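Enquirer: Here's my sequence, what's the structure:
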Amino acid sequence: MGFFKKLFSKEKKEKLDSGLQKTKEGVWSKITRAVAGKSKVDDEVLDNLEEAFITSDVGVDTTLKIIKRLEERVARDKYVGMNELSNLLCEEITDLLARPEADEPGLDDFEVKASDKPYVIMVVGVNGVGKTTTIGKLAYQYKKAGNKVILGAADTFRAAAIEQLDIWGERVGVPVIKQKMGSDPAAVAFDTLSHAKAQNADVVIIDTAGRLHNKVGLMNELTKIKNVMKRVVPDAPQEILLVLDGSTGQNAFEQARQFVAATEVNRLAVTKLDGTAKGGVVIGISDQFRIPVKYIGIGEGMEDLQIFRPDEFVRSLFGHAL
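Expert: Predicted coordinates:
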């Protein structure tokens, strides 16, 4: 068993490295230029690194934190050579990233503790970020781990959203609870959780509308959905998952601000990292909002939604010698 687990982990790591290749190439080309011709980390290197991180979508505030940490290490250790810089970056950036609790359900392998069933995930995010695709991949991963999964189509604002979720339900082989377009989203959520309890489901994933043009309306709608769900499952939703498109870089920060203000987001999923050089945004968003990134999307396949592991992510980006 240990052998297969180790093999599987290696496979996941290789997929992560491959998915982050564009970001890695972009970041490392800038860092390499920042330290060219230098034998130690001095003020000029730190200035150059600051520019490299900011232009890699890590974000200004997070970049300044990283540089301050590096400055303190250099001052404390007196001499820091180029060979040590890679490990230094890994350590300091990993320490910045918000982490889920160690015993969180599903953290490692999409398993759910019996005491948490049904485990309810309410998914939020603007249209076009990969929200429905993320729900489909989550359903696949949780089902593969042996859970009974039910989806709820509470984005009743668009007929296409209901149809897309239906397609994913069929593809994955899980039921989708829905009503017609224009129905009350909270009523759909209520029906979904009621059905889930009756069927002894393990995991419920609720889709919600992705519009931001009226923040007050969005906040009221999401609050109503949460309150209605609690009538059926008092702890629901255990996870309010905000899906962000990593390829949009700094725009993802603004989306995060809007949704964090609108509802109690407690987990993040960052998608489309395989097609962009802007993967540094994961570091900035995790640090600035102090909300753990739980999932990252690094490809089109069902298995390409991975649990986010900060150590492995940072090592994949910075874990080789300069």
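Enquirer: ok, now which ones touch the closest residue to residue 25 other than its chain neighbours?
Expert: Spatial nearest neighbour of residue 25, chain neighbours left out: residue 277 (7.0 Å); criterion: Cβ to Cβ, 6 or more residues apart in numbering. Quick note: C-beta positions are derived from backbone N, CA and C, even for glycine. The contact partners of residue 277, by Cβ atoms under 8 Å, 6 or more residues apart in numbering, come to 22, 23, 25, 26, 27, 56.
Enquirer: in this structure, which spans are helices?
Expert: Using DSSP state H, the helices of the chain run over residues 2-19, 21-35, 43-54, 60-77, 82-96, 131-144, 159-172, 185-198, 215-232, 250-262, 281-289, 310-318.
Enquirer: which strands and helices sit next to the last one?
Expert: Here helix 310-318 is seen to pack against helix 2-19, helix 21-35, helix 82-96, helix 281-289 when contacts are counted using 3 or more Cβ pairs under 8 Å, 6 or more residues apart in numbering; DSSP states H and E.
Enquirer: give the contact list for the spatially closest residue to residue 64 that is not a sequence neighbour.
Expert: Leaving aside its chain neighbours, residue 64 sits nearest to residue 50 (7.4 Å; criterion: Cβ to Cβ, 6+ apart). Residues in contact with residue 50 (Cβ under 8 Å, 6+ apart) are 63, 64, 67.
Enquirer: residues in contact with residue 33?
Expert: Residue 33 sits in contact with 48, 52, where contact means Cβ under 8 Å, 6+ apart.
Enquirer: same question, residue 149
Expert: Counting by Cβ under 8 Å, 6+ apart, residue 149 has contacts 139, 142, 143, 172, 174, 201, 202, 203, 204, 205.
Enquirer: Count the residues that sit near the residue nearest to residue 151 when sequence neighbours are not counted.
Expert: Among residues not flanking residue 151 along the chain, residue 176 sits closest, at 4.6 Å (Cβ to Cβ, 6+ apart). Using other Cβ atoms under 10 Å, residue 176 has 21 neighbouring residues.
Enquirer: what about residue 176, distance to residue 269?
Expert: Residue 176 is 20 Å from residue 269, where distance means Cβ to Cβ, to the nearest Å.
Enquirer: Next: residue 34.
Expert: In this view, residue 34 and residue 269 are 31 Å apart by Cβ to Cβ.
Enquirer: Settle it for me: which of these two has more neighbours?
Expert: Between residue 34 and residue 269, counted using other Cβ under 10 Å, residue 269 has the larger neighbour count: 25 against 20.
Enquirer: That one against residue 242, yeah?
Expert: Yes: under the criterion of Cβ atoms under 8 Å, residue 269 makes contact with residue 242 at 7.2 Å.
Enquirer: now stretch 86-99: mean pLDDT?
Expert: Regarding stretch 86-99, the rounded mean pLDDT is 81.
Enquirer: List the buried residues in it.
Expert: For stretch 86-99, burial by neighbour count (16 or more other Cβ atoms under 10 Å) applies to 86, 88, 89, 90, 92, 93, 94, 96, 97, 98, 99.
Enquirer: just checking, the second one touches residue 80?
Expert: Right, residue 88. Yes: if you go by Cβ under 8 Å, residue 88 and residue 80 touch, sitting 6.6 Å apart.
Enquirer: okay, and the common contacts of those two?
Expert: Jointly contacting residue 88 and residue 80 under the rule Cβ under 8 Å, 6+ apart are 41, 73.
Enquirer: Near the residue nearest to residue 284 when sequence neighbours are not counted, how many other residues are there?
Expert: Nearest residue to residue 284, sequence neighbours excluded (Cβ to Cβ, 6+ apart): residue 59, at 3.2 Å. The local packing of residue 59 (other Cβ under 10 Å) involves 21 other residues.
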